[in-house]
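>>> Here's a sequence, model it:
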Amino acid sequence: MKVNIERIHSRLEEIYQCGRKEDGTFTRMAYSPEDVKGRETFMNYFRKLGIEPRVDEAGNIHARLEGEDPSLPAILTGSHLDTVPDGGKYDGVVGCVSGLEAVETLVENGKKLRHPLEVIVFTDEEGFRFGSGLLGSGAICGQDLDIRETDLDLYGNERGEVIKSYGITVADAPKARIRPEDVHCFIELHVEQGASLYKSKTPIGVVSSIAGVSRYEITITGEANHAGSTIMADRKDALVAASRFIAQVPEIVKTNGNDYTVATVGTIKVQPNSVNVVPGSCTFNLEIRDQDAAVIGCIENHAKACLEQVCKEMGEEYTFTQISYHEPAPMSEWVKAAIETEVQKMGVDYKVVPSGAFHDSLIMTAVFPTGMIFVPSVDGISHSRYEFTEDADIEQGAQLLLQTILEVDNMDDHVK
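The predicted structure follows:
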């Protein structure tokens with residue numbers, strides 16, 4: 001059984017056009033008219049196969065191909081259709097369309113699995129509208145969603161009104177939970193969103209784990225003073241201190257991390273933020289990501305020591321506060337092994353890689369046996385209109401997804 005890359009390509013393009021904006025950009029922000037159109041387009045593909053999708057209480061789309069034994073737990077696959085502002089056509093959508101392709105290929109060939117096969121489109125994976133993502137997978141996994149009707153999006157609209165476009169409510173969202181015993185495994189195909197596979201000319205990545213993430217708020221307090229009359233020797237410039245620390249972050253990672261350890265300062269605020277005042281305080285966020293919690297802790301400790309030294313030399317004070325933390329999420333060994341078995345059978349070159357980016361699989365690993373397949377992103381570009389993945393790579397990824405589904409369908413609990 002072979003997947004149809006022309007069909008996959010056509011659907012990627014059709015769904016992408018659902019995000020077209022008048023200014024020439026492409027955005028399918030969660031709950032937007034463009035997103036609703038993309039979801040409806042996707043559901044119609046299943047309807048043409050005689051499969052009526054359902055939308056659960058959290059807005060996730062489920063399209064289920066029944067198996068020979070209705071008592072067996074389902075094999076789940078899928079990803080997300082929502083995008084960041086002016087996003088690309090591959091992030092998330094490749095996994096959804098390839099899941100659809102697996103279903104259609106099975107139907108065309110008259111092949112019935114033992115287990116049910118369910119394709120899921122998760123709600124609001126990107127999360128930029130309300131400031132936190134992975135809502136749909138969080139609901140499926142029974143997490144505390146921490147959402148309210150009165151939450152405001154970046155346009156000042158209340159969540160309770162915004163999510164009506166999906167026909168859902170905040171109160172009902174937790175009802176989308178799926179019991180662990182009802183799931184055989186979850187497999188997500190995704191573009192890498194990094195350059196590892198592309199640079200090494202490797203067509204397939206078998207994901208080992210999704211990086212843990214620790215975020216901190218750091219405030220350096222110096223002394224605000226007149227920029228014209230305060231000589232350089234008398235200054236306690238909080239921004240200069242912050243700059244000295246930030247400039248050392250890459251070296252801290254290089255010395256104490258590995259090839260996939262990353263640390264980033266992506267926001268910075270200065271007070272009083274005036275051109276003629278020496279900055280009296282500077283607040284910024286530091287983010288550290290790695291596959292190993294011990295490495296994250298090591299980078300954190302060295303960052304604190306560096307910050308303390310800088311502030312001591314400049315006579316300033318600081319606070320260093322952890323504001324959020326996600327544990328590293330290793331993939332299920334038996335699902336990962338099934339993927340490797342099938343890619344080896346295909347004779348396709350691959351390597352085992354970590355994921356530095358969040359995906360719905362991050363949440364799913366906590367409850368269900370989970371595996372991920374990566375295909376290359378050209379130049380490592382993603383979250384951009386310029387993201388691109390070659391059709392040949394998508395075809396091999398989709399074929400591997402289908403082959404892995406067939407492999408795990410033959411695996412029972414005693415085999416795992």
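
>>> can we go C-alpha only for contacts and neighbour counts from here?
OK.

>>> Show me where the stretch 201-350 of the chain has its helices.
Along the stretch 201-350 of the chain, the stretches classed as helices by DSSP state H, counting those that start in this stretch are 238-256, 293-314, 333-346.

>>> will you turn those helices into JSON lines that also has distance to residue 355, mean pLDDT and mean neighbour count?
Shown next, in JSON lines, are those (distance: least, Cα to Cα, whole Å; pLDDT from 0 to 100; neighbours: other Cα atoms under 10 Å):
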{"stretch": "helix 238-256", "distance to residue 355": "17", "mean pLDDT": "98", "mean neighbour count": "17"}
{"stretch": "helix 293-314", "distance to residue 355": "14", "mean pLDDT": "98", "mean neighbour count": "17"}
{"stretch": "helix 333-346", "distance to residue 355": "14", "mean pLDDT": "97", "mean neighbour count": "18"}
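
>>> can I get those in TSV with distance to residue 169?
Output for those, formatted as TSV (distance: least, Cα to Cα, whole Å):
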stretch	distance to residue 169
helix 238-256	43
helix 293-314	36
helix 333-346	34
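
>>> So for residue 46, which of those helices sits nearest?
Closest of the helices of the stretch 201-350 of the chain to residue 46 is helix 333-346, at 25.5 Å (criterion: Cα to Cα).

>>> Please save the CA atoms from the closest one in PDB.
Extracted as PDB, the C-alpha positions of helix 333-346 are listed here (Å, rounded to 0.1, in the frame of the first residue of the first chain):
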ATOM      1  CA  GLU A 333      10.200   3.000  23.900                       C
ATOM      2  CA  TRP A 334       8.000   0.400  22.200                       C
ATOM      3  CA  VAL A 335       6.300   3.000  19.900                       C
ATOM      4  CA  LYS A 336       9.700   4.500  19.000                       C
ATOM      5  CA  ALA A 337      11.000   0.900  18.300                       C
ATOM      6  CA  ALA A 338       8.100   0.300  16.000                       C
ATOM      7  CA  ILE A 339       8.900   3.400  14.000                       C
ATOM      8  CA  GLU A 340      12.500   2.400  13.800                       C
ATOM      9  CA  THR A 341      11.600  -1.100  12.700                       C
ATOM     10  CA  GLU A 342       9.500   0.200   9.800                       C
ATOM     11  CA  VAL A 343      11.900   2.900   8.600                       C
ATOM     12  CA  GLN A 344      14.600   0.200   8.500                       C
ATOM     13  CA  LYS A 345      12.300  -2.000   6.400                       C
ATOM     14  CA  MET A 346      11.700   0.900   4.000                       C
END
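
>>> hang on, the earlier thing: please identify which of the helices of the stretch 201-350 of the chain is closest to residue 172.
helix 333-346 (31.6 Å).

>>> Tell me who's in contact with residue 129.
29, 30, 153, 154 (Cα atoms under 8 Å, 6 or more residues apart in numbering).

>>> Can you check those and name whichever has the most neighbours?
Ranked by the number of neighbours (other Cα atoms under 10 Å), the contacts of residue 129 place residue 30 first, at 27 neighbours.

>>> That one looks like it's in a helix, true?
No. When DSSP: H, G, I helix; E, B strand; the rest coil is applied, residue 30 is found to be coil, with no helix at that position.

>>> Relative to residue 379, which of the helices of the stretch 201-350 of the chain is closest?
helix 238-256 (21.6 Å).

>>> Compute the inter-axis angle for that closest one and helix 293-314.
140 degrees (axes from the mean of the first three to the mean of the last three Cα atoms, to 10 degrees).

>>> Return helix 238-256 as CSV; C-alpha atoms alone will do.
What follows is helix 238-256, C-alpha atoms only, in CSV (Å, rounded to 0.1, in the frame of the first residue of the first chain):
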residue,chain,number,x,y,z
ALA,A,238,20.7,48.0,35.3
LEU,A,239,20.6,47.5,31.5
VAL,A,240,24.4,47.3,31.2
ALA,A,241,24.4,44.7,33.9
ALA,A,242,21.7,42.7,32.1
SER,A,243,23.6,43.0,28.9
ARG,A,244,26.8,41.7,30.5
PHE,A,245,24.9,38.7,31.8
ILE,A,246,22.9,38.0,28.6
ALA,A,247,26.1,38.1,26.5
GLN,A,248,27.5,35.2,28.7
VAL,A,249,24.5,32.9,28.3
PRO,A,250,25.7,31.3,25.0
GLU,A,251,29.1,30.5,26.6
ILE,A,252,27.3,29.0,29.7
VAL,A,253,25.4,26.7,27.4
LYS,A,254,28.4,25.8,25.3
THR,A,255,30.5,24.9,28.3
ASN,A,256,27.8,23.0,30.3
